[in-house]
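# Pasting the sequence and the predicted coordinates here, then a few questions.
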Amino acid sequence: MRALIQTLQQLPLVGALFRPRFIKFGIVGASGVVVNLAVLYVGQEYLFTEVTQETLRLNLSLALAIFIATISNFFWNRRWTWHDRKQHQSVPVVVQFVQYALACWVGIAVQFGLTNLFALFLHYLVANLIAVVIASLFNFVANDFWTFGRLKIRRAARQNTSSE
């Protein structure tokens, strides 16, 4: 089994699924789903009960749920998934959060578009599952390179080797 995992780790995209950082990213994402559902429930049942129009109440609750879950995921990814890169980040946390949120929104668009495309050929649930995996990979790579600084780390390493 260990040999199989080592072989899979050598494949570029498949290997990312078996790296500890990607597993942490997935755990944080799963916790974000729990946060999202909890905030959605609290919004619907307690915070926005005075809003009589059901669609508006749902949209307000959903917007709050997505916002809080995004903040939670950003915090835990920064604190746990990419904790080893803090010293390499020269970007203010607000800018980094905006980068994270943009990567998430692009990931959502990728998932939406791919689900609709794959649903032309597959059952919609299978189509969505494949789209979620692809969008998650995109989201991980975008955050790994852009938000949490792998590009900056590589540039700094190149500058250090070229200046020596």
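Okay, I see it.

# Every contact and neighbour count from this point should use C-alpha atoms.
Noted.

# quick one: contacts for the closest residue to Gln99 other than its chain neighbours?
In this structure, Gln99 finds its nearest non-sequential neighbour in Thr147, 5.5 Å apart by Cα to Cα, 6 or more residues apart in numbering. Applying Cα atoms under 8 Å, 6 or more residues apart in numbering to Thr147 gives the contacts Gln96, Phe97, Gln99, Tyr100.

# ok, of those residues, which one's closest to Leu114?
Tyr100 (21.0 Å; Cα to Cα).

# Look at the residue lying closest to that closest one once chain neighbours are set aside and report its pLDDT.
Leaving out its chain neighbours, the residue that sits closest to Tyr100 by Cα to Cα, 6+ apart is Thr147, at 5.7 Å. As predicted, Thr147 sits at a pLDDT of 88.

# for the protein, which helix is longest?
Determined from DSSP state H, the single longest helix within the chain is helix 93-118.

# Let me know the average pLDDT across it.
Per-residue pLDDT over helix 93-118 has a mean of 92.

# Any buried residues in that helix, and which?
The neighbour-count criterion (16 or more other Cα atoms under 10 Å) identifies 96-97, 99-104, 107-108, 110-111, 114-116, 118 as the buried residues of helix 93-118.

# Same question for stretch 24-35.
By 16+ other Cα under 10 Å, the buried positions in stretch 24-35 come out as Lys24, Phe25, Gly26, Ile27, Val28, Gly29, Ser31, Gly32, Val33, Val35.

# next one: stretch 131-148
Buried-residue list, stretch 131-148, by 16+ other Cα under 10 Å: 131-132, 134-144, 146-148.

# I'd like to know which elements the strand or helix carrying Lys24 is packed against.
Taking DSSP states H and E as the definition, one finds Lys24 inside helix 20-42. Other elements packing on helix 20-42 under the criterion 3 or more Cα pairs under 8 Å, 6 or more residues apart in numbering; DSSP states H and E are helix 54-76.

# Got the domain ranges for the chain?
As assigned by automatic domain parsing, the chain contains the domains 1-81, 87-164.
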